[in-house]
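> the following comprises the amino acid sequence and a computationally predicted model.
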Amino acid sequence: MTTVDPQQLRTFATVTRLASFSEAARELGYTQSAVSQQIAALEADLGTALLVRRPVGPTVAGRRLLEHAVPLLVRLEAARADVARLAGSPSARLVLGATPLAVGVALGRALGEVRRAYPRVEPVVRVLAQDVLAARVATGEVDLALIDGLAAPSDPLPLPEVGPLTTVAVDERPVAVALPAGHPLAGRAGLALSDLSAARWLDAPDLTPTADRLRAAAGTDGFRPATRYRGTDLHGLLALVATGHGLTLLPAPVVAGAPGVDHAPVAAPRLVHRTELVHGSLPEGPAALLARLLVD
């Protein structure tokens, strides 16, 4: 029976991600020959080629292995971090991960109370994309996270399975379509999302639902991006809406009052903008206090 070495898996995933043996060696702190030996040993164990060498890229078997390797490596790191949290002394640090739209006044007030309780702690807020935050919590890179996204009322967000994490809803807000000022649909009492499938849409995956998510929610094809926006600056995104580059879906309070932007609520399907607190085991300390304040 073949036993796959986790270190070899990590090396394989790194080479694939960087498309380079030398860059992988530099990142991992190995020699290039050591990286080559690990890949060769993994291929020998599995009895098949996993990488094409020039240019470097996965074979069909390598792509399939990568589908298994990435979540397995996350779970291994998550297990290590979870046990370390339980076995270690209370932590004095506070690193919060958050998606851009999850950072608001309530968080600011809660952080203020934490600072008063732990005056020597310097809180760190790291703004990251939704698709990486759960893994960052599981592996201990951040202590806890606020993650927002689109959901049916009272439904949890569709987060990746990365380990035994606790997820608690902290906010639900109505969803609206952001439109340029004066748009014919502005001010409507409610819109059906499916009726907008042929409209021009902005593709801003770090801030708003992806086209795949919109198609799934509306139950129809369409929602083709007219402009792609990469970043977490909400003001920039709204400026593109105001100047006619595309529509987008945002929490209604975020859109209200934005210069040059109107909005209309989404009536069908029933959707909300949901924010969840995600954390693993939290020994007593500033992160545990922040978690309690956010869910109270």
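Sure, I can see it.

> buried residues in the helix or strand containing residue 38?
Here residue 38 sits within helix 32-46, counting by DSSP states H and E. The neighbour-count check on helix 32-46 (16 or more other Cβ atoms under 10 Å) flags 35-36, 38-39, 42-43 as buried. All C-beta atoms are positioned from the backbone trio N, CA, C, and that covers glycine.

> most widely separated two among those?
Taking Cβ to Cβ, the two most distant members of the buried residues of helix 32-46 are 35 and 43; they sit 12.8 Å apart.

> got the buried residues of helix 32-46 as JSON lines, with pLDDT and distance to residue 67 columns?
Output for the buried residues of helix 32-46, formatted as JSON lines (pLDDT from 0 to 100; distance: Cβ to Cβ, whole Å):
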{"residue": "35", "pLDDT": "89", "distance to residue 67": "21"}
{"residue": "36", "pLDDT": "89", "distance to residue 67": "23"}
{"residue": "38", "pLDDT": "88", "distance to residue 67": "20"}
{"residue": "39", "pLDDT": "90", "distance to residue 67": "18"}
{"residue": "42", "pLDDT": "88", "distance to residue 67": "15"}
{"residue": "43", "pLDDT": "88", "distance to residue 67": "17"}
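
> okay, the residues you listed in TSV with distance to residue 140 next?
Output for these, formatted as TSV (distance: Cβ to Cβ, whole Å):
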residue	distance to residue 140
35	26
36	31
38	25
39	28
42	26
43	31
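
> how close does residue 99 get to residue 122?
Taking Cβ to Cβ, to the nearest Å as the measure, residue 99 and residue 122 are separated by 22 Å.

> neighbour-wise, which of the two wins?
Taking other Cβ atoms under 10 Å, residue 99 and residue 122 do not tie; residue 99 has more neighbours (23 against 11).

> from what I can see that one touches residue 131, true?
No. In this structure, residue 99 is not within contact of residue 131 by Cβ atoms under 8 Å, at 9.7 Å.

> which neighbouring elements make contact with the helix holding residue 38?
Helices and strands touching helix 32-46, as assessed by 3 or more Cβ pairs under 8 Å, 6 or more residues apart in numbering; DSSP states H and E, comprise helix 6-18, helix 21-28.

> and among these, the most buried is which?
helix 6-18 (a mean of 19; mean count of other Cβ atoms under 10 Å).

> neighbours around residue 144, how many?
23.

> who's it bridged to?
Under DSSP bridges, the beta-bridge partners of residue 144 are residue 96, residue 279.

> from what I can see it touches residue 277, true?
Yes. If you go by Cβ under 8 Å, residue 144 and residue 277 touch, sitting 6.4 Å apart.

> where do the contact lists of those two overlap?
Residues touching both residue 144 and residue 277 (Cβ atoms under 8 Å, 6 or more residues apart in numbering): residue 291.

> shaky segments in this protein?
1-3, 81, 84-91 (pLDDT under 70).

> one more pass at 50, please.
1 (pLDDT under 50).

> what segments of it are helices?
Taking DSSP state H as the test, the helices found in the chain are 6-18, 21-28, 32-46, 60-87, 105-117, 130-138, 211-218, 234-242, 252-255, 286-295.

> TSV please, covering those helices and showing distance to residue 194.
Shown next, in TSV, are those (distance: least, Cβ to Cβ, whole Å):
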stretch	distance to residue 194
helix 6-18	37
helix 21-28	45
helix 32-46	46
helix 60-87	32
helix 105-117	33
helix 130-138	24
helix 211-218	4
helix 234-242	20
helix 252-255	19
helix 286-295	35
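
> for residue 183, find the nearest of those.
helix 234-242 (9.6 Å).

> tell me which residues in that closest one are buried?
Neighbour-count burial for helix 234-242 [16+ other Cβ under 10 Å]: 234, 237-238, 240-242.
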